[in-house]
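[1] Sequence and predicted structure are below.
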Amino acid sequence: MSEQLYNNEVAFELQTKVIDETRQGETLTAERPKSVKANGKKFYIESYGCQMNFADSEVVASILAGAGFDSTTEFMDADLILLNTCAIRENAEQRIRFRLQHFRGVKKRKKGALVGVLGCMAERLKEKFLEEEKIVDIVAGPDAYRSLPDLIEEAGSGQKAVNVLLSREETYAEINPVRLNSNGITAFISIMRGCDNMCAFCVVPFTRGRERSRDWQSIIAEAKELYEQGYREVTLLGQNVDSYRYSTDPTLVGKKLLEAKYDDSVVNFAQLLEKVALVAPDLRVRFSTSHPKDMTDDVLHMMAKYHNICKYVHLPVQSGNSHILEMMNRTYDRAWYIQRIEAIKRIVPEAAISTDIISGFCSETEEEHQDTVSMMEYVKYTLAYMFVYSERPGTLAAKKYKDDVPEEVKKRRLQEIVDIHRIHSLESNKQDVGKVFEVLIEGISARNDMELYGRNTQNKVIVFPKGDLKTGTYANVLVTSCTSGTLIGRVES
Ligand code: 5AD
Ligand code: SF4
């Protein structure tokens, strides 16, 4: 429990700093189902990158547990070491290469121990990974996890095992993810995979393939099961949740699916949200990530209609300048983004808004950078993930544009953005002092075991004295003070 809290708090502290990857290098444990015979082997898995990657590791753990593996949190004890990797920026990949060196000792000590790389970097580098990193035995892309037991067997017989085939259908719909090192209160549910957006800077369409939506009934079943197990918050995950569309009719694809009338056989994101919200009134529902070009008023109205749909929208802007947005192939401009923000403020006035920003994209001028600053001044994001542009091989931007903003300029602009964001988050937190929020209690504070922490609907972390309150319950907390990262309060009697 406290480890989970620690990670949350680190992530939270980092909110006002430059975040490279949202979470990194977490290890996970899983239990083998009792009905499955042990094969005497243990796996160890470490995950990097986005929430989607962490959710995928839970699918991998489920597949391996089903094949008879037990899990361990000590890589020195493992027969199989897996790294679920991220490729979004160059330093994410450098970190993986560095980490791989740590596993040399295990291979020397334990004859037959295997090292596998999964996820986006595996997909990007494919067989090349085996040439570049001799320590690696298995390479499996995000759509190849069902074949892991076979790949492990192949690798065990001395062959190098690679499966980086991307699929148009795979959603791992019926695989029940094993909740790894969970706090037992909050969980992710993956609702779709892949991305069709082709943002010029982004490697994801190449590493995660075409967009596909998961069967809504399996999503609801997963939410219900989590609720029955005591979970009280689910976050619906997808690269672009607003384009979620599932049809039970396999002939309805492409344009036909977009134009189909919605009913239980054709479900869009707003309707999915409603179905999850109806699972139980005290099961909170969050979602990530929204795309400004696709976020509909229907989704916003659904947020307003249900108390348990959290009043929080993550709406990556990337840049505040229309010309840069066009070069980024984001398919919206500044005016459109502002109009979406206005829609949020009109329909869900209490919603908090967070974002992703890239500084120093190809050819970005000082004036264009100032447009990003002024966008921040306009929206006043409560949370922002801020990055310097990192050119990724094979992307549209790498092919079309020169990465010509000098590194020190990128960094200076980023620092400016980070400083402004810190002011905004402090301002926003100060406005919450004196207000009472409904908080879902997630755990015991890592800094003080007499304190609990949880989040309000706006996704802000609140710390408060424990009393005799229990995790997984709701409390009304009066905010008495704050920092730029945390609200501090006490429970209203
Ligand atoms: N360089 C820097 N940041 C990037 N992101 C995606 N690709 C890159 C890149 N090449 C950022 C975007 C995205 C977030 C997940 O990561 O802001 O929204
Ligand atoms: Fe997630 Fe993107 Fe990193 Fe893949 S490249 S792990 S999709 S952030």
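    That came through, no problem. Note that the structure is a prediction, hence the values are computed from the model and not measured. Numbering: from 1, shown residues only. Ligands and ions are numbered 1, 2, ... in the order given.
[2] C-alpha from now on. contacts and neighbour counts both.
    Noted.
[3] distance of residue 385 from residue 421?
    10 Å (Cα to Cα, to the nearest Å).
[4] and if you look at residue 369?
    14 Å.
[5] With neighbour numbers in mind, choose between residue 385 and residue 421.
    residue 421 (26 against 22; other Cα atoms under 10 Å).
[6] The more buried one - that's part of a helix, no?
    Yes. Assessed with DSSP: H, G, I helix; E, B strand; the rest coil, residue 421 lies in a helix.
[7] Can you classify residue 81 as helix, strand or coil?
    Going by three-state DSSP: residue 81 is strand.
[8] Enumerate every residue touching residue 145.
    Neighbour list for residue 145: 60, 63 [criterion: Cα atoms under 8 Å, 6 or more residues apart in numbering].
[9] hmm, who's touching the strand or helix carrying residue 56?
    Using DSSP states H and E, residue 56 maps to helix 51-66. When contacts are defined by Cα under 8 Å, 6+ apart, helix 51-66 is touched by residues 22-23, 30-33, 36, 45, 47-48, 70-71, 84-86, 119, 142, 145-146, 148-149, 172, 175-180, 188-190, 237-238.
[10] Tell me which helix or strand comes right after that helix.
    strand 70-71.
[11] Return the distance of that following strand from the chain's centre.
    The chain centroid and the centroid of strand 70-71 are separated by 25 Å, computed with Cα atoms, centre = their mean, to the nearest Å.
[12] Direction included, what does it pair up with?
    For strand 70-71, the pairing partners within the sheet under DSSP bridges are strand 42-49 (parallel).
[13] ok, is the strand it pairs with in contact with ligand 2 or not?
    Yes. Interface with ligand 2: strand 42-49 contributes residue 49 (Cα under 6 Å from any ligand atom).
[14] Just want the angle from that strand to helix 51-66.
    170 degrees (axes from the mean of the first three to the mean of the last three Cα atoms, to 10 degrees).
[15] Please work out the average pLDDT along strand 42-49.
    The average of the pLDDT scores along strand 42-49 is 94.
[16] swap in stretch 209-221?
    The average pLDDT within stretch 209-221 is 95.
[17] So what touches that stretch?
    166-171, 173-174, 189, 191-196, 244-248, 267, 272, 275-276, 279.
[18] Of the residues you listed, just the buried ones, PyMOL syntax please.
    Here is the PyMOL command that picks out the buried ones among these, judged by 16 or more other Cα atoms under 10 Å:
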select buried, resi 166+167+170+171+173+189+191+192+193+194+195+196+244+245+246+247+267+272+275+276+279
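[19] Quick one: low-confidence residue ranges for the stretch 1-150 of the chain.
    Scanning the stretch 1-150 of the chain for pLDDT under 70 picks out the ranges 1-32.
[20] what does it have sitting close to ligand 2?
    Going by Cα under 6 Å from any ligand atom, the residues of the stretch 1-150 of the chain near ligand 2 are 49, 50, 52, 53, 86, 87, 88, 120.
[21] Distance of residue 217 relative to residue 464?
    For residue 217 relative to residue 464 (Cα to Cα), the value is 38 Å.
[22] neighbour-wise, which of those two wins?
    Between residue 217 and residue 464, counting by other Cα under 10 Å, residue 464 is the more crowded of the two (22 against 14).
[23] Over to the more buried one. Which of the three states is it?
    Recorded secondary structure, residue 464: strand (three-state DSSP).
[24] Residue 138 contacts residue 160, correct?
    Yes. Using Cα atoms under 8 Å, residue 138 is in contact with residue 160, at 6.2 Å.
[25] With neighbour numbers in mind, choose between these two.
    residue 138 (28 against 16).
[26] ok, and what's touching the helix or strand where residue 370 lies?
    Residue 370 is located in helix 366-379, with elements delineated by DSSP H and E. With contact meaning Cα under 8 Å, 6+ apart, helix 366-379 is reached by 319, 320, 321, 324, 341, 353, 359, 360, 413, 417, 420, 421.
[27] follow-up on the earlier one: just the residues of the stretch 1-150 of the chain next to ligand 2 now: which is nearest ligand 1?
    Taking Cα to the nearest ligand atom as the measure, ligand 1 lies nearest residue 88 of those, at 5.2 Å.
[28] That closest one: what's it in contact with?
    Residue 88 is in contact with 49, 202, 203, 204, 392, counting by Cα under 8 Å, 6+ apart.
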